[in-house]
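Visitor: build me a structure from this.
(chains A and B)
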Amino acid sequence: MEACCPPRLSPRPEAVGARPRARQVATVGPPNTGKSTFFNRLTGAGARVANWPGMTIEVMTARVLLGATMVRLADLPGIYSLEGHTDDEAVVQRFLATVPLHAIVAVVNATRIELQLPLVLALKATGVPLVVALNMADEAVHLGVTIDAARLAAELGVPVVSVSAKYGRGMEDAKRALAALLGAHPEPVVADLGAVPARDVRERESARLCALAVRMPAVLPAGATARLDRVLLHPWLGIPLFFAAMFVVFQAVYGIGVPLQDAMKWLQDALKNGALAPLLSGAPPLMRSFVLDGLVDGVGTVVTFVPLMAVFFAAMALVEDSGYLSRAAWLMDALMGRLGLDGRTFVMQLMGFGCNVPALMATRVVRNRAARLLSMLVIPFSLCSARLQVFLFLTTAFFSPTAAPFVLFSLYLMSFAAAFLTAFVWRRRYASREPLLMELPPYRLPTLSMVAAEAWRATSHFLRRASGFIVAGVLLIWVLTHLPPGAAPAGPETPAGWLAAALAPVFGPLGIDPLMSIALIFGFVAKEIVLGGLAVVLGAGTDQLAGALAGRLDWVGAMSFMIFTLIYTPCLSAIATLRDEAKSLRFTALAVAWPLSLAWLASFVFYQGARALGF
Amino acid sequence: MNLSLDRLAADHSAAITAVHATGMAGERMAALGLMPGRRVAVLRRAPFGGPLHLRIGPTELMIRRADARAILLDHVRRWKPAARRG
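Guide: Down below sits the predicted model:
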């Protein structure tokens, strides 16, 4: 139906139309309906992001056995309508128009049924067999929304099931309904998007159905959400409360994460000294050094931070799932608007605290290209988990336990300052006018299992994506610092020594000595290897790294090092993502050069300023 | 009377008479329930000229004042959330 679809969505013709062995089913629904939770409940743990066969579209897919039928499920991006023009809507349109499906599961939010039924009517009109899942049934009960599912099913002429994916209720009904539908329709159908009736026709039909089957309280019980909003969105208290909440989160990360990290360190040393060192006692010295000083020290330093990261991701999931994150967008929009951004960018910046890469990809919701580029220029300043591990290590090594959280907090403030300055400087070059409309979902009490699942997902994703980088980067550093054989680690005769000498005039004024600058050079690949790199460069194990650093640097130098690490290029994956999303080499070059210059300037001003003040 | 949504005071509701937005903006507004015939309430207005916090039926959303100007209203009433009665 759309002549303007981007080429990356084009199907590979040979695979489309081939009769699939498994039944093909897609879940479709608006954003904020708990669609992904529903999908995960339906498919268990096997879901993964992958290309759909024959399409160059990345969707969440999973295979699941329903009764005796093998079903291949795709979780399509959240959409408000089939006619929209966002990237996500284009993906769904293209998918539906090309992939023959045995069934569609429409997942809607039961509390918003009156707004979401028009989409259900559109999906029904495409001719693909349909099941409707009224999700968030628990919240609907809570809000006093009652839906007569049987009546709705009779009027719509399709099965309707009431579910609460969050608590796993009604999922068996949903599976039974889907299995029955698949049994009744053995042949797949390609959706006929041309058959979708006009919006006002669907609106009228939706209103008629709601009148018959849905009872909405005229004024919903405002309850806890309204009471919370009166405090959390208070004109003067709102923003301070938001930053206070964030501060508490960081304190919690310290309080829970650091003891876990110590336990990991102890385990790693036990493994290295107790098992690996005796095992390699007969090996040639170069190989011994390669394994113990390169692999184990480098990778081990990174691995000890995994529990800390898990705690961090759990805390972010808690904030996000509670519904507070979109309130943050509301609170910050006045400021962000003046910077040429919007409240959503602020939320993406917060997402960027986990990892810049998904945050950069999330800018797809910003449809205006200029606004999107500006967001992408700003997000890499978010203090991501990889940088966090560098800062956690250095702040604990150089500052007292009472001062360390404040230093870390100041780095977060600096991260925002760099982002805002960047937006302010470039806001005219990337100016946009696009309406901002966003749902503020009711506050939800996140369940422990959801938070734990998110922490696990994010941490394991990070490890999977980063492990190749980490190992390669750490080994590269080992090679550059330990060759030729017999040279002192990172001594003047090693390749790293030459590099450091060449860059001394650049990093000298920042108080970063040549050896430390080597770690920064490799930090360009990934911040995950900065610490591992430092351990190798200084020839220190994880347990001695803090001591070795303290001998070379005072707190001013350490802070300057951290400021540079915070602001310059996050990692190669972020650059790759940026280039892929922006599809512009010039913009990518800007996104590398600008932060580098800013990082040098900020470190220079801090270091020279602090020295001039006598520190 | 033709008041635009950006000028509706907090804790007031009104009926939408017209939405002067086309294309994507219009689609998005309609998808979220901002269309003629519906009642919209302004729950609060963010300080420093920030966005409005709206309620349409059971849905709460945010909209910028500049965008709210496209929405015309009639029949303004005081909005009484249930929580305040209790």
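Visitor: show me what contacts residue A:480?
Guide: Neighbour list for residue A:480: A:494, A:495, A:496, A:499, A:518 [criterion: C-beta atoms under 8 Å, 6 or more residues apart in numbering or on different chains]. No exception for glycine: its C-beta is placed from N, CA and C like everyone else's.
Visitor: which ones among those residues also lie next to chain B?
Guide: Among the contacts of residue A:480, proximity to chain B is found for none (C-beta under 8 Å from any C-beta of the partner chain).
Visitor: which ones among these map onto helices?
Guide: A:495, A:496, A:499, A:518 (DSSP state H).
Visitor: any idea which of those is closest to chain B?
Guide: Comparing those against chain B with C-beta to the nearest C-beta picks out residue A:518 as the nearest, at 45.7 Å.
Visitor: most surrounded residue in the contacts of residue A:480?
Guide: Tallying neighbours with other C-beta atoms under 10 Å in any protein chain shown puts residue A:496 at the head of the contacts of residue A:480, with 30 neighbours.
Visitor: touching, that one and residue A:483? I think so.
Guide: No: with contact defined as C-beta atoms under 8 Å, residue A:496 does not count as touching residue A:483 (9.3 Å).
Visitor: longest strand in chain A, by number of residues?
Guide: Criterion DSSP state E: the longest strand present in chain A is strand A:58-66.
Visitor: could I get the contacts of residue A:480 as a markdown table with pLDDT?
Guide: As requested, these are exported to a markdown table (pLDDT from 0 to 100):
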| residue | pLDDT |
| --- | --- |
| A:494 | 84 |
| A:495 | 87 |
| A:496 | 81 |
| A:499 | 84 |
| A:518 | 81 |
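Visitor: which one of those sits closest to residue B:53?
Guide: For those, the minimum distance to residue B:53 (C-beta to C-beta) is 51.0 Å, reached by residue A:518.
Visitor: what's the longest strand of chain A packed up against?
Guide: helix A:35-43, strand A:48-51, strand A:69-75, helix A:171-184 (3 or more C-beta pairs under 8 Å, 6 or more residues apart in numbering or on different chains; DSSP states H and E).
Visitor: make it 10 Å
Guide: Judged by 3 or more C-beta pairs under 10 Å, 6 or more residues apart in numbering or on different chains; DSSP states H and E, strand A:58-66 is in contact with strand A:23-28, helix A:35-43, strand A:48-51, strand A:69-75, helix A:87-98, helix A:171-184.
Visitor: what are the pairing partners of that strand, and which direction each?
Guide: Take DSSP bridges as the rule and strand A:58-66 pairs in its sheet with strand A:48-51 (antiparallel), strand A:69-75 (antiparallel).
Visitor: list the buried ones in it?
Guide: Neighbour-count burial for strand A:58-66, with 16 or more other C-beta atoms under 10 Å in any protein chain shown as criterion, is recorded at A:59, A:60, A:61, A:62, A:64, A:66.
Visitor: that one to helix A:35-43, inter-axis angle?
Guide: Interaxial angle, strand A:58-66 versus helix A:35-43 (axes from the mean of the first three to the mean of the last three C-alpha atoms, to 10 degrees): 30 degrees.
Visitor: just the CA trace of strand A:58-66, in CSV.
Guide: C-alpha atoms of strand A:58-66 as CSV (Å, rounded to 0.1, in the frame of the first residue of the first chain):
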residue,chain,number,x,y,z
GLU,A,58,14.4,-7.6,12.9
VAL,A,59,11.6,-8.9,15.0
MET,A,60,11.3,-10.8,18.2
THR,A,61,10.6,-14.4,17.2
ALA,A,62,10.1,-17.7,18.9
ARG,A,63,8.9,-21.2,18.2
VAL,A,64,6.3,-22.7,20.5
LEU,A,65,4.4,-26.0,20.4
LEU,A,66,0.7,-25.4,20.8
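Visitor: mean confidence for it?
Guide: The average pLDDT within strand A:58-66 is 82.
Visitor: ok so, going back, any idea which of the strands paired with strand A:58-66 scores lowest on pLDDT?
Guide: strand A:48-51 (a mean of 58).
Visitor: so what's residue A:89 closest to, chain neighbours aside?
Guide: Excluding the flanking residues, the one nearest residue A:89 by C-beta to C-beta, 6 or more residues apart in numbering or on different chains is residue A:79, at 4.9 Å.
Visitor: hang on, isn't the one you found packed against residue A:88?
Guide: Yes: in this structure residue A:79 lies within contact range of residue A:88 using C-beta atoms under 10 Å: 5.9 Å.
Visitor: those two: who's more crowded?
Guide: For residue A:79 versus residue A:88, neighbours defined as other C-beta under 10 Å are more numerous around residue A:79 (21 against 17).
Visitor: contacting residues for that one?
Guide: By C-beta atoms under 10 Å, 6 or more residues apart in numbering or on different chains, the contact list for residue A:79 reads A:28-31, A:86, A:88-93, A:119, B:31.
Visitor: kindly report the same for residue A:29.
Guide: Residues in contact with residue A:29 (C-beta under 10 Å, 6+ apart) are A:35-36, A:38-39, A:75-80, A:104-109, A:116, A:119-120, A:123, A:132-133, A:135.
Visitor: phi, psi for it please.
Guide: Main-chain dihedrals, residue A:29, degrees, to the nearest 10: phi 180, psi 170.
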